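Undergrad: Build me a model:
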Amino acid sequence: MNDVEANTHSVIVRGHPGVLTQTARTDSHQLVSDEPLSLGGLDIGPTPYDLLLASLGACTAITLRMYATRKGWPLEDVEVSLSHDRIHAEDCADCEAETGMVDRIDRDIRIIGDLDREQRQRLLQIADACPVHKTLSNEIHIVTRGLDTDQLAQVNPEPRSPAQPGLRE
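TA: Got it, this is the predicted structure:
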């Protein structure tokens, strides 16, 4: 297996009849995404943007933990707080786009541990090396294909209804 194959991830997402709730499945995990009641959802899971921010936050914390462990640094914990907004391009001094709207993610990182100033600064630099950060920062090419019903059934087994146990946490 080459490096590209080793880094290929797949997730299957299926909806539930009559609701906005979605079930996402990986090889070994399942999670639910939904919209708040105010947008017509059941609010039984994080929104898609919450999941996007959670992915970046988790990847950031994991990356910092791995780096600090490799260096033997006394990192106790990492807390990553994130928010997403859309801003006007002309309000963004360091954005490439000059017109229209730009997605902006603010990421605040709290580093806990007996680390000196240089170690903390290095960890903040390493945060941008997290793979999800790189993906979100690089050009993304999304290929969309339509599958017929038979193809979908083969790769996407029926999800549990949101009313069934295991989907509410």
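Undergrad: Quick check: residue 78 vs residue 65, distance?
TA: Distance from residue 78 to residue 65, counting by C-beta to C-beta, to the nearest Å: 6 Å. (C-beta placed from N, C-alpha, C; glycine too.)
Undergrad: Give me the more crowded residue out of these two.
TA: residue 78 (20 against 14; other C-beta atoms under 10 Å).
Undergrad: Leaving out sequence neighbours, find the closest residue to the more buried one.
TA: Leaving out its chain neighbours, the residue that sits closest to residue 78 by C-beta to C-beta, 6 or more residues apart in numbering is residue 61, at 4.3 Å.
Undergrad: Same check on residue 39?
TA: Nearest residue to residue 39 in three dimensions, chain neighbours excluded: residue 20, at 7.6 Å (C-beta to C-beta, 6+ apart).
Undergrad: thought the one you found was touching residue 40?
TA: Yes: using C-beta atoms under 8 Å, residue 20 is in contact with residue 40, at 6.0 Å.
Undergrad: ok, those two, which is more surrounded?
TA: residue 20 (19 against 10).
Undergrad: Just give the strands next to the helix or strand containing that one in its sheet, each with its orientation.
TA: Assigned by DSSP states H and E, residue 20 belongs to strand 19-25. Applying DSSP bridges, strand 19-25 is found paired with strand 12-16 (antiparallel), strand 30-33 (antiparallel).
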